[in-house]
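*Asks:* sequence and predicted structure are below.
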Amino acid sequence: MQALVRLGRRVAGKLRYKLLALVLAPILLAASVALMLAVDWGRQFGYDQLFLKVRTDLAVAHDAFMRIESDYLESAGRLAESFALRDELDRGDLAAVVRRVDALRERAGFSFLHLIDAQRRWRDATGAIGTSRHSDLVTQALRGRPAAGVEIFSSEELGLEALAEAVRMPLLATQRAAPSERQVEDRGMVMRVAYPVFGVDGVVRAVIDGGVLLNGNFRFVDAIRDLVYGPGSLPPDSIGTVTVFLDDVRVSTNVPLGRGERALGTRVSQAVRDLVLRDGETWVDRAFVVNDWYISAYDSIVDVRGERVGMLYAGFLEAPFRGRLWTALWHLGAVFAGLMLLSGLLAWRAARAIYRPVEAISAVAAATRRGEDRRIGAVASKDEIGELAREFDAMLDLLQQRNRQIQVAADELEQKVERRTAELERRNADLSRIIELLQRTRSALVEAEKLAALGQLTAGVAHEINNPLAVILGNVDVVMQELGDRAEPLRGEFALILQQIERIRNIVGQLLQYARPAQYAGDMAEVDVNAQAAGAARLVEHMIRGTAIRLEFELAASHTVRINPQELQQVLVNLLVNAVHALEPKGGLIRIACADWDQRGVRITVSDDGPGIDPAIRDRIFDPFFGTKAPGAGSGLGLSISYGLVRRYGGRLTVESHPGAGAQFTVWLLSEPELREDERMIAEMLAESEPGPK
């Protein structure tokens, strides 16, 4: 025992062993830590990639779900808007209508499809009359708005459509599922659509009411699976699955339960159910699905009333990925072990080149202390230790010289860095200006493309609509002349026809004015914006007479602007009319303010204390044909035309609004208009896009 202690002390006192321990210990420690970190990081990174993929898969599945719903709504819409259906309804040929509806049901794959009246009654091929299940979707369609969504039918409601037996399935005991006393699932999840059928008078005459039962609808989930997990998206030994849940029960799935059997009637695990159905969150993690672990993503399915009634699932088998991951990690461990052995060997050889010269120096120092005349002699090492034995002072001189050289090089490098930094700052400033110019140019080109397309459209509209209108107007005059006094009972109807013809002409004129504003531009003149604002207010006084709407003026602008007076009046009247509509019927205050815009021009503000503008649509209010009024109450071109008129003179039209705090529109006009270069480019592109000979 004592001999071992003495040997240990000798080993601890030897420089060579200290050097070996000093070199090898960090290598072994660092390699071990690096291996553990690499294994943990590799596992975490691998699963992060799998979770990212399954999240994307769920998004694709959800988009496919919504696209299929939209496709069914479009199928119903094509039938509702067809001439043949309307003609049969006008003729009262209900048998032909039923045959046409049944043909679409079989062709498009609807579980049921009916043509219902305002009392939600429908008739089948045998003449039997049924009543449709009450639905908010049908209510919306009866009001003229197509609608689609998910609804849950009870067993009794399914029985009215002869679908009760098709959905009834026993619930199977499933591992990790929440406890439940239910034994059978007899409800149905239905993707329902409702599309209005309009008469020639624009009134809803009937509704196409249809639904697709998702329970046991394997074609539905298989179509989504084939889209999400196409060929090559997964390893050969993995499977991708998609499931539709009613509450926590699989009612349509391609998750296997056994060979050739689908896991219908099984239930989701309680952890997933609580997170998705109870808390409304999205599950993206490993999940135990029926009898194995899957990389899974679940999201809730919301019905037409906004309630969570089920889940949509997408996922794939984890085992193949887990096996490949551990194989890769084992290979990584083997590589690390080999590298550690190689590093140890290289470290031992490097340490030997160090401790041998040091031991020689130590031996000479010990001999010198003993009074022996002894020299190191030739040293095989050519590094700093060998130089220490031969020329220590020379090494110090060399080190000082190198330090001076490093300092000079550092000073030169700092100067170069400063010059390069200044150059980069100039380049960045130039690049910012170029990017800003490109953005302005891109915006101008996009607007030019829109106007060019609209110019071609309006030319066709003017040709295709004005000519038939002229024929209709002429024929109405002829009919009135031919009828003479006999036309008196129908004079109101003739007046309505003439009024609608004039309305169509006005809409065509607004289209042309938006698409080719240069053709409608008038002469510019020096305009007093205070007087112009007061005049515009007088033009809308008839709209507020007898209402609770008040006008307030602050006309303090001292500058004039060069602009076409009629165009400025059109802009102000549009803003005032919109303010009046925003305050109807409760009333409120409209404030018109004119002030100087520094020394550049003037600004005209039209504000109201109405309900304000919804932030979701604020960025779209200047788009053509966009409006929030009731159908038929406007063309949606007022703000768009006003925006274009102001921009043509180099000005701006801005809006500020907060819900419940009213809206404020501001017109910024220059004293001397600066016709925009992008407006000139747009005008040239519109001229090139005009139909006919150039």
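*Replies:* Structure's in. What do you need?
*Asks:* show me the strands in the stretch 501-650 of the chain, by range?
*Replies:* 525-527, 549-555, 561-563, 588-597, 601-608 (DSSP state E, counting those that start in this stretch).
*Asks:* I'd like to know how far the residue lying closest to residue 551 once chain neighbours are set aside sits from residue 610.
*Replies:* Using CB to CB, 6 or more residues apart in numbering and skipping the chain neighbours, the partner closest in space to residue 551 is residue 590 (5.4 Å). Using the backbone N, CA and C atoms, a C-beta is placed for each residue, glycine as well. According to CB to CB, to the nearest Å, residue 590 and residue 610 sit 9 Å apart.
*Asks:* which residues do those two both contact?
*Replies:* 579, 583 (CB atoms under 8 Å, 6 or more residues apart in numbering).
*Asks:* returning to that earlier point: so the residue nearest to residue 551 bridges to which residues?
*Replies:* residue 551, residue 608 (DSSP bridges).
*Asks:* follow-up on the earlier one: export the strands of the stretch 501-650 of the chain to JSON lines and append columns for distance to residue 123.
*Replies:* Listed next are the strands of the stretch 501-650 of the chain as JSON lines, based on distance: least, CB to CB, whole Å:
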{"stretch": "strand 525-527", "distance to residue 123": "66"}
{"stretch": "strand 549-555", "distance to residue 123": "51"}
{"stretch": "strand 561-563", "distance to residue 123": "63"}
{"stretch": "strand 588-597", "distance to residue 123": "51"}
{"stretch": "strand 601-608", "distance to residue 123": "51"}
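*Asks:* dump those strands to CSV, plus distance to residue 427 and mean neighbour count.
*Replies:* Shown next, in CSV, are the strands of the stretch 501-650 of the chain (distance: least, CB to CB, whole Å; neighbours: other CB atoms under 10 Å):
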stretch, distance to residue 427, mean neighbour count
strand 525-527, 45, 13
strand 549-555, 48, 15
strand 561-563, 40, 22
strand 588-597, 35, 19
strand 601-608, 36, 23
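*Asks:* could you dump the ones you listed into JSON lines and include mean pLDDT?
*Replies:* Shown next, in JSON lines, are the strands of the stretch 501-650 of the chain (pLDDT from 0 to 100):
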{"stretch": "strand 525-527", "mean pLDDT": "88"}
{"stretch": "strand 549-555", "mean pLDDT": "90"}
{"stretch": "strand 561-563", "mean pLDDT": "90"}
{"stretch": "strand 588-597", "mean pLDDT": "93"}
{"stretch": "strand 601-608", "mean pLDDT": "94"}
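*Asks:* among those strands, which is nearest residue 49?
*Replies:* Ranking the strands of the stretch 501-650 of the chain by proximity to residue 49 (CB to CB) places strand 601-608 first, at 53.5 Å.
*Asks:* counting contacts, what elements does that closest one pack onto?
*Replies:* helix 529-539, helix 565-583, strand 588-597, strand 663-670 (3 or more CB pairs under 8 Å, 6 or more residues apart in numbering; DSSP states H and E).
*Asks:* host element of residue 206?
*Replies:* Using DSSP states H and E, the element containing residue 206 is strand 204-213.
*Asks:* so what strands line up beside that strand?
*Replies:* Assessed with DSSP bridges, strand 204-213 is paired to strand 112-116 (antiparallel), strand 188-198 (antiparallel).
*Asks:* wait, isn't residue 224 in contact with residue 62?
*Replies:* No. Residue 224 lies out of contact with residue 62 (CB atoms under 8 Å); the separation is 9.2 Å.
*Asks:* higher neighbour count, those two?
*Replies:* A direct count of neighbours by other CB atoms under 10 Å for residue 224 and residue 62 places residue 224 higher, at 26 against 16.
*Asks:* look up how far residue 622 lies from the residue nearest to residue 551.
*Replies:* For residue 590 relative to residue 622 (CB to CB), the value is 20 Å.
*Asks:* ok, back up a step: which one, of the strands of the stretch 501-650 of the chain, ends up nearest to residue 487?
*Replies:* Closest among the strands of the stretch 501-650 of the chain, once you apply CB to CB, is strand 549-555, at 40.8 Å.
*Asks:* report the angle between the closest one and helix 565-583.
*Replies:* Relative orientation of strand 549-555 and helix 565-583, computed by axes from the mean of the first three to the mean of the last three CA atoms, to 10 degrees: 140 degrees.
*Asks:* which strands or helices does strand 549-555 pack on?
*Replies:* Counting contacts by 3+ CB pairs under 8 Å, 6+ apart, strand 549-555 is packed against helix 529-539, strand 588-597.
*Asks:* and residue 37, which of those is closest to it?
*Replies:* Nearest to residue 37, of those and by CB to CB, is strand 588-597 at 62.6 Å.
*Asks:* name the surrounding residues that touch that closest one.
*Replies:* By CB under 8 Å, 6+ apart, strand 588-597 touches 529-530, 533, 537, 548-559, 576, 579-580, 583, 602-610, 662, 668-669.
*Asks:* neighbours of residue 134, just the number please.
*Replies:* 9.
*Asks:* residue 120 now?
*Replies:* Using other CB under 10 Å: residue 120 sits among 18 other residues.
*Asks:* kindly report the same for the one 3 residues further on.
*Replies:* Close neighbours of residue 123, defined as other CB under 10 Å, add up to 18.
*Asks:* before we move on, back to that, now render the helices and strands packed on strand 549-555 as JSON lines, adding distance to residue 202.
*Replies:* Below are these laid out as JSON lines (distance: least, CB to CB, whole Å):
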{"stretch": "helix 529-539", "distance to residue 202": "30"}
{"stretch": "strand 588-597", "distance to residue 202": "32"}
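*Asks:* ranges for the strands of the stretch 301-450 of the chain?
*Replies:* 308-317.
*Asks:* quick one: low-confidence residue ranges for it.
*Replies:* Applying pLDDT under 70 to the stretch 301-450 of the chain flags the ranges 323, 325-326, 328-329, 331, 347-366, 371-400, 403, 440-441, 443-450.
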